[in-house]
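1. quick one, what's the 3D model for this:
(one chain, ligands or ions: 1)
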Amino acid sequence: SGPDTVSPTGQPTGAPRAAVAQGGAYLTTAQGTRLPDSDHSLKAGARGPVLLQDHHLREKITHFDHERIPERVVHARGAAAHGVFQGYGTATKITKAAFLAKGVETPVFVRFSTVLGSRGSADTVRDTRGFATKFYTAEGTFDLVGNNIPVFFIQDAIKFPDIIHAAKPHPGREIPQAQSAHDTFWDFVSLHTEATHHTLWNMSDRALPRSFRMMEGFGVHTFRLVDAKGATTLAKFHWKPKLGVHSLVWEEAQITNGMDPDFHRRDLADAIEAGAFPQWELGIQTFPDTPDQTFEGIDLLDPTKIVPEELAPVQPIGLMTLNANPVDYFAETEQVAFHPGHLVPGIDVTDDPLLAGRLFSYLDTQISRLGGPNFAQIPINRPHAPVNDMLRDGMHQTAVHTGTAPYRPNSLDGGCPFLAGADTAAFIEAPVELPVAQKVREAPASFADHFSQPRLFWLSMTPVEREHIVAAYTFELSKCYEQVVKERVLTVLANIDPQLCEEVATGLGLSVPAPTEPLTRPDPSPALSQLGRTWPVD
Ligand code: HEM
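-> Next up is the predicted model:
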C-alpha cells in the first residue's frame, strides 16, 4: 500500500487520505480549534497593545511569512493542465511499456514554461518553451521532460550552469532578458559553437509560439526502448499538435507582452474551460540500436543534432488530450516535480552526456525547491501505481510506515521479499555492452560538426521566415555593448550561410567576416529541405 493509504495508527484504510484544508462548516486554526473571528487581534483594550498570547494571530501571520518557496532555477514561469493519454498500440512491438498498449488510458499532467524569465515574467518572449508531461501509468510514473525545440545548446551537462548564467540577467544590473539580448549570452554561444543550432531555432519563429496549444514538443535526447523479449530500439519522442504549429510575429509578441503578459496561460485555461481541448499526437522516430549509436552519419547521443523526418519518419503511437485546468496553481503547477529519470519498464536512457547530468540535477534541485526528500508524497507528484519503498523519515514525511525492518530480505516483518529469479515486470536497465575505455575529459570527434545542421535549418526556411531570422539576430545583437562579441557572432553566421551573415552585418552596420570553416558540405538535397513540415494533420 502507498503512504497515502495508511492511517495515523498505521492501519491500512484502503482509501487515499489527501490533506483536507477546508473540511468543516466553520473556520478553525490549523489545529482544528473553532475560531470566532479572523479579523481582530487580541488586544489589551480596543486601543491598547496587541497581546503576544494571540495564537491565531501568530499562526496566521507566520504561515503567510512562509508562503513562498524558491522558484525553479530555470523554467520558473509555467502553466499546466490535466488530461489523458491514449495509446494506439503501434509501439508495442518495440516497447513493453504498458501505457502505450492499444486503448490504455493514462492520466497526465503537462506543464508548459519559458526557460529564462522569473515566475512573474511575460509569456510571449523570445525563448525556448518547456513541454513536460507526467504520465501516471499503472507501472509507475513516466516523465517526458522536453522542450518545443528539438536540440539543446550544449552537449555536456557540465556546461549547463555556464549557459544558464550567461543567459540569465546581468549580475550587476539584474536586467531581465527575454531570451538573449546581452553580451554574455552572445559571448557564450559564439565561443561554444555547439550552441549554434539551438540559437538559430531561438532566432526563428519557433521561439514565439502563438499558443502552447500550437507547439511541437521534443524529448530531445535519444532514448532506448525495450520490448518484452529484451530487444532494444533507439527512439526520439515528438509531440505534434493537432492544431498545427503557429507562431506570432515579433511585433505581435511585443504588443501582446504589453497588453496581456499572461497571454499564453490565459489562452490555455480559456480553451480548456470552453471545452476546446487541445490535443497532441505522440510519435517516435526509431533507429536500430547499433553499437555506434549513429543513424545516417548522425551521432544519436549528440543533443545538438536532429534526425530529419525525411530520413526517419515520425510514427504516431498515441494521443493526448488536455481536458481540465488545475484547481490550485501552487499545489499543482508550482509543486509538480518532473524528472527525466522517472522511467517505466520498456523505456530506458542512453549515454547522451547531457541526459546524464539531467538525471542528477532534477532530483537534487527539487530537494531544496520542495523542502526535503519527500516531495513524491505531495498529491500532484504521487504515483497512481502502488508505492512500497524502503525510504524513511526526512523533512515533510507524511507517510506512517509500518513494521520494523525496512530492508529486504528480512525475517521479521514477514513478506515482500524480492521475487526469486528475474522479475520480468520490474524496471531493469537494458544490459548494453560498453566499450572498454579510458577515463577522459573530452568530447567525441562525432560531436565536432557544429554548422551543417544549422545550415540545413536555414536552407529549409521560406523567404519570409529568413527575414524574421535576420531581423531577430539584428535586433538582439544590437543590444550588445561589446563590438568584439557582435563580430564573433557574425563569424559564426558566416559559417552557417553567407546571405544570413551579410544581411545581419548590414543591419548592424558592421563588415562581413570570412567564414572560419569552409562551406564544403554539399547543400542538402531537396528531400531534406522541408525539415519538420511533413506531419499529416487531419
Ligand atoms: C527544469 C527541459 C537540460 C536542469 C526543466 C523543465 C523542463 C526542462 C521542461 C521544467 C520542468 C517543469 O515544468 O517543472 C530540459 C530539456 C533539456 C534540459 C529539454 C535538454 C535537452 C537541462 C540540463 C540541466 C537541467 C542539462 C542540468 C544539468 C533543470 C533544472 C530544472 C529544469 C534544475 C528545474 C527543475 C525544478 O525545479 O523542478 N528542464 N532541460 N535541464 N531543468 Fe531542464
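
2. a helix runs through Val145, doesn't it?
-> No: applying DSSP: H, G, I helix; E, B strand; the rest coil, one finds Val145 to be strand, outside a helix.

3. my guess is it contacts His339. True?
-> Yes: using Cβ atoms under 8 Å, Val145 is in contact with His339, at 7.0 Å. (Glycine included, C-beta is placed from N, CA and C.)

4. identify the contacts common to these two.
-> Tyr362 (Cβ atoms under 8 Å, 6 or more residues apart in numbering).

5. pull the number of nearby residues for His468.
-> Using other Cβ atoms under 10 Å, the number of residues around His468 comes to 18.

6. and it, how far from Val249?
-> Using Cβ to Cβ, to the nearest Å, His468 is found at 7 Å from Val249.

7. what's the answer for Asp289, then?
-> 42 Å.

8. between those two, which is the more surrounded one?
-> Taking neighbours as other Cβ under 10 Å, Asp289 and Val249 compare with Asp289 leading, 19 against 13.

9. return the residues in contact with that one.
-> Per Cβ under 8 Å, 6+ apart, neighbours of Asp289: Arg224, Thr232, Thr233, Leu234.

10. which parts of the stretch 101-250 of the chain sit against the ligand?
-> Applying Cβ under 6 Å from any ligand atom, we find that the stretch 101-250 of the chain lies next to the ligand at Arg111, Ser113, Gly130, Ala132, Val145, Gly146, Asn147, Phe152, Ala157, Phe160, Val220.

11. could you redo the last one with a cut-off of 8 Å?
-> Taking Cβ under 8 Å from any ligand atom as the test, the list of the stretch 101-250 of the chain residues beside the ligand reads 111-113, 115, 130-132, 145-147, 152, 154, 157, 160-161, 218-221.

12. show me those that map onto strands.
-> Among these, the ones falling in strands (DSSP state E) are Arg111, Phe112, Ser113, Gly130, Phe131, Ala132, Val145, Gly146, Asn147, Phe218.

13. mind jotting down where the helices sit in the stretch 201-350 of the chain?
-> Secondary structure of the stretch 201-350 of the chain, counting by DSSP state H, counting those that start in this stretch: helices at 250-259, 263-273, 329.

14. Ile61: which of the ones you listed is closest?
-> helix 329 (22.4 Å; Cβ to Cβ).

15. chain center to the closest one: distance?
-> Relative to the centre of its chain, helix 329 is centred 18 Å away, using Cα atoms, centre = their mean, to the nearest Å.

16. what of stretch 435-449?
-> In terms of Cα atoms, centre = their mean, the centre of stretch 435-449 is found 27 Å from the chain centre.

17. quick one: mean pLDDT for that stretch?
-> Per-residue pLDDT over stretch 435-449 has a mean of 93.

18. now Leu354: closest residue in space, sequence neighbours ignored.
-> In space, and not counting its chain neighbours, Leu354 is closest to Pro303: 4.6 Å by Cβ to Cβ, 6 or more residues apart in numbering.

19. picking up where we left off before, closest to Ala207 among the contacts of Asp289?
-> Leu234 (27.9 Å).

20. so the closest one bridges to which residues?
-> Counting by DSSP bridges, Leu234 is bridged to Arg224, Phe287.

21. number the chain from 57, please
-> Sure, I'll start numbering at 57, so the last one becomes Leu290.

22. quick one: it and Pro347 touch, right?
-> No: taking Cβ under 8 Å as the definition, Leu290 is not a contact partner of Pro347, at 11.5 Å.

23. what about these two, which has more around it?
-> Between Leu290 and Pro347, Leu290 has the larger neighbour count (other Cβ under 10 Å), namely 23 against 9.

24. any idea how far the more buried one is from the ligand?
-> 16 Å (Cβ to the nearest ligand atom, to the nearest Å).

25. who's in contact with that residue?
-> Thr278, Phe279, Arg280, Leu281, Thr342, Phe343, Pro344, Asp345, Gln349, Phe351, Leu356, Thr406.

26. buried only: go through those residues for me.
-> Among the contacts of Leu290, those scoring as buried are Thr278, Phe279, Arg280, Leu281, Thr342, Phe343, Asp345, Gln349, Phe351, Leu356, Thr406 (criterion: 16 or more other Cβ atoms under 10 Å).

27. so the last one touches His277, yeah?
-> Yes: proximity of Thr406 to His277 meets the contact threshold set by Cβ under 8 Å, at 6.7 Å.

28. low-confidence ranges, this protein, go.
-> Counting by pLDDT under 70, the chain contains low-confidence residues at 57-75, 232-237, 471-478, 576-594.

29. let me see the ranges of the strands in it.
-> 134-143, 161-170, 185-193, 196-203, 273-274, 279-282, 288-297, 335-344, 350-351, 354-355, 371-380, 403-404.

30. any idea how far Asp355 is from Ser502?
-> Ser502 is 4 Å from Asp355, by Cβ to Cβ.

31. more neighbours, the two?
-> Per other Cβ under 10 Å, whichever of Ser502 and Asp355 has more neighbours is Asp355, with 21 against 16.

32. could you give the bridge partners of that one?
-> Thr350.

33. tell me the contacts of it?
-> Gln349, Lys361, Pro500, Ser502, Phe503.

34. could you measure from the last one over to Val363?
-> Per Cβ to Cβ, Phe503 is found 15 Å from Val363.

35. ok, the two, which is more surrounded?
-> Val363 (21 against 18).

36. so the more buried one touches Gln349, yeah?
-> No: between Val363 and Gln349 there is no contact, the gap being 11.9 Å when judged by Cβ under 8 Å.

37. find residues that contact each of these two.
-> Contacts common to Val363 and Gln349, judged by Cβ under 8 Å, 6+ apart, are Leu356.

38. what's the closest non-adjacent residue to Asp179?
-> Asp179's closest residue in space is His320 (Cβ to Cβ, 6+ apart), at 3.9 Å.

39. next: Leu299.
-> Met270 (5.0 Å).

40. that neighbour: neighbouring residues, count only.
-> 17.

41. same question, Arg322
-> Neighbour count of Arg322, defined by other Cβ under 10 Å: 13.

42. can you tell me which residues contact it?
-> Asp316.

43. hmm, try it at 10 Å
-> For Arg322, the contact set (Cβ atoms under 10 Å, 6 or more residues apart in numbering) comprises Ala135, Asp179, Asp316.

44. how far away is the residue lying closest to Leu357 once chain neighbours are set aside from Ala213?
-> Spatially, and ignoring its direct neighbours in sequence, Leu357 is nearest to Asp408 (4.6 Å; Cβ to Cβ, 6+ apart). Distance, Asp408 to Ala213, by Cβ to Cβ: 9 Å.
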